[in-house]
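Undergrad: Got a sequence here, can you build the structure:
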Amino acid sequence: QVQLVESGGGLVQAGGSLRLTCTAPQGPSSIYRLGWFRQAPRKDREFVASISRYTDDIYYADSVKGRFTISRDNARNAVYLQMNSLKAEDTADYYCAARIGSNSMNWGDYRYWGQGTQVTVSS
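TA: Sure, this is the predicted structure:
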């Protein structure tokens, strides 16, 4: 069982920045795709960004393009989400996810999940 652990959430003012970190202590080599999703109160879980573990193949949701950056450090078994120019509508629980396979923006395609970290942006 792969365990993903998120950290870095918190409260920030609109326009500010946060960096989320996701680590997978076991570092399984079979995981090919790492992603970030978020879920705001009373809303469906939505795709934020994803990155290949072995190439520079990256995808972003339109709502975060130009503001968020996903990156990885395979030596640390970590994936990061740098969030800049935060808006009130970015407020949500953010989840790290992993899957064996190519990119998908569908949360149901991801097999492994972290427990989530809360991000609150005050306006």
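
Undergrad: Where in this structure is the helix or strand with the lowest mean pLDDT?
TA: Of all helical and strand segments in the chain, the minimum by mean pLDDT, DSSP states H and E falls on strand 112-113, at a mean of 92.

Undergrad: what's downstream of it, the next helix or strand?
TA: Following strand 112-113 in sequence order, the next helix or strand is strand 117-122 (DSSP states H and E).

Undergrad: in its sheet, what does that following strand sit against?
TA: Within its sheet, and counting by DSSP bridges, strand 117-122 is paired with strand 10-13 (parallel), strand 92-99 (antiparallel).

Undergrad: So which bits of that strand are buried?
TA: Buried positions in strand 117-122, judged by neighbour count with 16 or more other C-beta atoms under 10 Å: 117, 119, 121. C-beta: built from backbone N, CA, C; applies to glycine.

Undergrad: what bridges to the last one?
TA: The reference is to Val121. When bridges are called by DSSP bridges, Val121 pairs up with Val12.

Undergrad: And for Asp93?
TA: In beta-bridge terms (that is, DSSP bridges), Asp93 pairs with Gln39, Gln118.

Undergrad: Can you list the low-confidence ranges for this protein?
TA: For the chain, applying pLDDT under 70 flags the ranges 26-29.

Undergrad: Now the most centrally placed residue in the chain: which helix or strand?
TA: The centroid of the chain falls nearest to Trp36 when counting by C-alpha atoms, centre = their mean (2.2 Å). For Trp36, the host element (DSSP H and E) is strand 33-39.

Undergrad: Run through the residues that contact Gln39.
TA: Counting by C-beta atoms under 8 Å, 6 or more residues apart in numbering, Gln39 touches 45-46, 92-93, 95, 116.

Undergrad: ok, of those residues, which one's closest to Ala75?
TA: Tyr95 (23.3 Å; C-beta to C-beta).
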